[in-house]
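Novice: what shape does this take:
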Amino acid sequence: MSQSTLDDDDLFGEAASEMREDVEESLAAAHEALPAAADVWETDADNTLGALNGLKTALDVGDASDHLRDAKKWYTMGERADAFEDAADLAADIEAAEDLVADIEAAREQVTDLTSALPQLKTALEEGSGGDADAEGEAEAEAEA
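Specialist: This next block holds a predicted model:
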């Protein structure tokens, strides 16, 4: 009876290759889930609040955090099993992706704060200067008369 067997080293090498591929695929998926630079940079808003709301939406990292978590999980597993011959590139890629996701999330938080503060600031400026709304209302009343 003939049975094909693989030696443990062959199986381990195959598993290590698959783990590396899983890390690389998860990192690629994380980068794909990040916002495009053009979406963050360009706007077609009519006013500042519209631009900020558009930017806040564009700065959503989507599933990038989940994909990054998967990459770290497979990397950690492979690293602890000493499965990678050279994993410095994977570690550097994971760290760079983590930094980028953190930067995007921090920017989104700042934009969210501005989005909340801007209408209040506009109202305060209008009230403090006698109100642009009052001036516009007077001009409209004079035009109708």
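
Novice: contacts only, for Leu100.
Specialist: Leu34 (Cβ atoms under 8 Å, 6 or more residues apart in numbering). The way it works is simple: take the backbone N, C-alpha and C, and place the C-beta from them, glycine included.

Novice: again, but for Ala15
Specialist: Counting by Cβ under 8 Å, 6+ apart, Ala15 touches Ala83.

Novice: pLDDT at it, what is it?
Specialist: pLDDT for Ala15: 86.

Novice: run a quick neighbour tally on Leu118.
Specialist: Using other Cβ atoms under 10 Å, Leu118 has 15 other residues around it.

Novice: can I assume it is in contact with Leu49?
Specialist: Yes. Using Cβ atoms under 8 Å, Leu118 is in contact with Leu49, at 5.5 Å.

Novice: got any ranges where the chain has weak pLDDT?
Specialist: The model of the chain has pLDDT under 70 over residues 1-6, 131-145.

Novice: could you say which helix or strand contains the spatially most central residue of it?
Specialist: Note on the chain: the residue nearest the mean C-alpha position is Val61, at 2.6 Å, using Cα atoms, centre = their mean. Remark: Val61 resides in no helix or strand, with elements defined by DSSP states H and E.

Novice: show the backbone phi and psi for it.
Specialist: phi -80, psi 0 (degrees, to the nearest 10).

Novice: pretty sure it contacts Asp103?
Specialist: No. Judged on Cβ under 8 Å, Val61 makes no contact with Asp103 at a distance of 10.1 Å.

Novice: if we can go back for a sec, ok, the residue nearest to the centre of the chain to Ala88 distance?
Specialist: For Val61, the distance to Ala88 equals 25 Å [Cβ to Cβ, to the nearest Å].

Novice: same question, Asp99
Specialist: In terms of Cβ to Cβ, Asp99 sits 16 Å off from Ala88.

Novice: which ones are touching the residue nearest to the centre of the chain?
Specialist: So Val61 contacts 33-35, 101, 104-105, 108 (Cβ under 8 Å, 6+ apart).
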